[in-house]
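# My questions are about this predicted structure, shown below with the sequence.
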Amino acid sequence: FHWKAEADGRVVISVRYGETANGKAMLVSSPNGFQLERAAAAIGEEAKLPEKGLSLLATLQAIPVEPWMHELQPILSAASSDSHPALDEINPVFIRVKADKLIFKARAFTQVSLALKRSLTASAASVWKARFQSQNSKGSVTYRPEHDDSPAFISANLPYLYIPKEEGRHFGRILEENTAKYLPSINLRIKQLLVEDMNLGDVQIIATAGKPSAATRLWTLNSFSMKTPGAELTASGRWVKNLKNDFTEVKGTLISHDGQKLLQSLALPSDVIHGASGQIHLSLNWKGSPKDFQVKNLNGTVSAEIGDGQFLKVEPGIAGRFLSLLSMQSLMKRLALDFKDVVGQGFAFNAINMNGNLKNGVLLTDNLAVDGSAAAILASGTVDFFKQRLDTRVLVLPNLHTEAPALALAIANPFIGIGSFLAQFEEAPRLHAGN
């Protein structure tokens, strides 16, 4: 501990702890005694007094975040609230951290450089601005806590973000373990998002939070877009929370340009399908916040219109069993249909159409039609995505050359379309015989 009086009446205090931690503070004389004018603290390097405010610097080989959470609680509290008297008196606050490795939630981020600054606006609202870079991520973030009756707001622009694997636990588990009381307004752009083995591509989120004082907290997802290799997902929705209700509802459309590339980007087995461009329309809702999304809680409707493609060899699991069902691999064995010239290279299809309802994660459909090159397949039943169970009834019509409109009409309204449908089925053998 050391102090030095300057010629202008200011006092500089220096503190050192061990070989790595040190700090400085400048006090100025006033009618009420000495007051803090500016200060600095550092770990792993020398503290330098800023021209104004508070400077916190750290250069370390490794930073385990969780043990530091308690020590930095005053700053974290200031970040989540608009007013913090101790920091307001020594504004701005500048924080800079450098580390060879930063460990958070058992995930390692390497070569980390973080610069964080807190300042006050003309209306005395606090604003936090951060710039960061590592081998895993790069970008800038602006955060404004709630002020008066304005909701919190976060804006982020990240050229890339990679969230690495954590041994023994998937990234989704962290989201499940941290429930949300409310969400801020968001303007987010991540040009390249990688989560574990998934390449989620270009992601954009624009959302608006309602007034914090309102009896019903409303968070509106104005737009969500994700462009992956092979597909595009767009969505909008809202989260409503009050004393009686707490639910999220979302409507979205997935446009697939290449089914195989889409599965690859989601780190799913991609050798099960080829081609298969089309659209999937979703209208979903579940209890709780957007972070409470779980398959077993989903309700709503699903529809799909898929174009030219081919089912290839499929693997075990519910997706595999379902695709195997459609690709005729299991039906071949049971019905002894002679489609070896086609199915041997996979089951090609011209179109797949489906409408269904979701209830507690179980899909119910009585309208699934596959227009295949070797046969038409009609199916109805349930698919339990959470328990990975199938309960389906399937009708296979081999060597059928029905027109798509007649097939669709028969499925949509059997009493009108079934006559035309069966008439074409009856004529199919005669046409083949004539050839």
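Here it is on my side, so go on.
# CA-only coordinates of stretch 294-304 in PDB, if you can.
Coordinates of the C-alpha atoms in stretch 294-304 are reproduced here as PDB (Å, rounded to 0.1, in the frame of the first residue of the first chain):
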ATOM      1  CA  GLN A 294     -39.300 -29.200 -26.000                       C
ATOM      2  CA  VAL A 295     -40.600 -31.700 -28.400                       C
ATOM      3  CA  LYS A 296     -42.800 -33.400 -25.800                       C
ATOM      4  CA  ASN A 297     -44.600 -30.100 -25.100                       C
ATOM      5  CA  LEU A 298     -45.400 -29.100 -28.800                       C
ATOM      6  CA  ASN A 299     -48.900 -28.600 -30.100                       C
ATOM      7  CA  GLY A 300     -50.100 -27.200 -33.400                       C
ATOM      8  CA  THR A 301     -50.300 -28.100 -37.100                       C
ATOM      9  CA  VAL A 302     -47.800 -29.300 -39.700                       C
ATOM     10  CA  SER A 303     -48.000 -29.500 -43.400                       C
ATOM     11  CA  ALA A 304     -45.500 -30.400 -46.100                       C
END
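# for it, the distance to its chain's centre please.
17 Å (C-alpha atoms, centre = their mean, to the nearest Å).
# what mean pLDDT would you report for that stretch?
Here stretch 294-304 scores 92 as its mean pLDDT.
# In that stretch, which residues are buried?
Within stretch 294-304, the residues scored as buried using 16 or more other C-beta atoms under 10 Å are 297, 298, 299, 300, 302, 303, 304. All C-beta spots, glycine's among them, are computed from the backbone N, C-alpha and C.
# got the residue ranges for the strands in the stretch 201-350 of the chain?
Counting by DSSP state E, counting those that start in this stretch, the stretch 201-350 of the chain has strands at residues 217-228, 231-241, 246-256, 273-275, 278-287, 299-306, 309-311, 347-359.
# Turn the ones you listed into CSV, columns for distance to residue 50.
Formatted as CSV, the strands of the stretch 201-350 of the chain follow (distance: least, C-beta to C-beta, whole Å):
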stretch, distance to residue 50
strand 217-228, 37
strand 231-241, 41
strand 246-256, 44
strand 273-275, 59
strand 278-287, 48
strand 299-306, 54
strand 309-311, 61
strand 347-359, 56
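# picking up where we left off before, and the furthest pair within the buried residues of stretch 294-304?
297 and 304 (21.4 Å; C-beta to C-beta).
# Tell me the one of the buried residues of stretch 294-304 nearest residue 376?
Using C-beta to C-beta, residue 304 comes nearest to residue 376 of the buried residues of stretch 294-304, at 16.6 Å.
# ok, that closest one touching residue 353?
Yes - counting by C-beta atoms under 8 Å, residue 353 is a contact partner of residue 304 at 6.9 Å.
# I'd like the average pLDDT over stretch 357-364.
92.
# just how off-centre is it within its chain?
With C-alpha atoms, centre = their mean as the basis, the mean position of stretch 357-364 lies at 22 Å from the chain mean.
# Check what pLDDT the nearest residue to residue 301 once chain neighbours are set aside gets.
Sequence neighbours aside, residue 283 is the residue nearest to residue 301 in space, at 4.8 Å (criterion: C-beta to C-beta, 6 or more residues apart in numbering). As predicted, residue 283 sits at a pLDDT of 96.
# isn't residue 283 right up against residue 253?
No - assessed by C-beta under 8 Å, residue 283 is found out of contact with residue 253, at 10.1 Å.
# And these two? Which one has more around it.
Neighbour totals were compared for residue 283 and residue 253, and residue 283 leads with 16 against 13 (other C-beta atoms under 10 Å).
# residues in contact with the residue nearest to residue 301?
Shown in contact with residue 283 (C-beta atoms under 8 Å, 6 or more residues apart in numbering): 249, 250, 251, 300, 301, 302.
# Throw those into CSV and include distance to residue 1, thanks.
Output for the contacts of residue 283, formatted as CSV (distance: C-beta to C-beta, whole Å):
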residue, distance to residue 1
249, 60
250, 58
251, 63
300, 65
301, 69
302, 68
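# from these, which is closest to residue 268?
Nearest member of the contacts of residue 283 to residue 268, counting by C-beta to C-beta, is residue 302, at 17.9 Å.
# Mind listing the residues bridging to that closest one?
residue 282, residue 356 (DSSP bridges).
# Just the terminal-to-terminal distance for stretch 355-374.
End-to-end distance for stretch 355-374: 23 Å, by C-alpha to C-alpha, to the nearest Å.
# Going by residue numbers, what spans are strands in the stretch 51-200 of the chain?
Along the stretch 51-200 of the chain, counting by DSSP E, counting those that start in this stretch, strands occupy 53-64, 93-104, 107-120, 126-133, 137-144, 153-163, 185-195, 198-209.
# The third one pairs with which strands?
This points to strand 107-120. By DSSP bridges, strand 107-120 pairs with strand 93-104 (antiparallel), strand 126-133 (antiparallel).
# repeat for the fifth one
Paired strands of strand 137-144, with direction, are strand 126-133 (antiparallel), strand 153-163 (antiparallel) (DSSP bridges).
# Save these as JSON lines, and put in mean neighbour count, distance to residue 120 and mean pLDDT too.
Formatted as JSON lines, the strands paired with strand 137-144 follow (neighbours: other C-beta atoms under 10 Å; distance: least, C-beta to C-beta, whole Å; pLDDT from 0 to 100):
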{"stretch": "strand 126-133", "mean neighbour count": "18", "distance to residue 120": "6", "mean pLDDT": "88"}
{"stretch": "strand 153-163", "mean neighbour count": "16", "distance to residue 120": "16", "mean pLDDT": "93"}
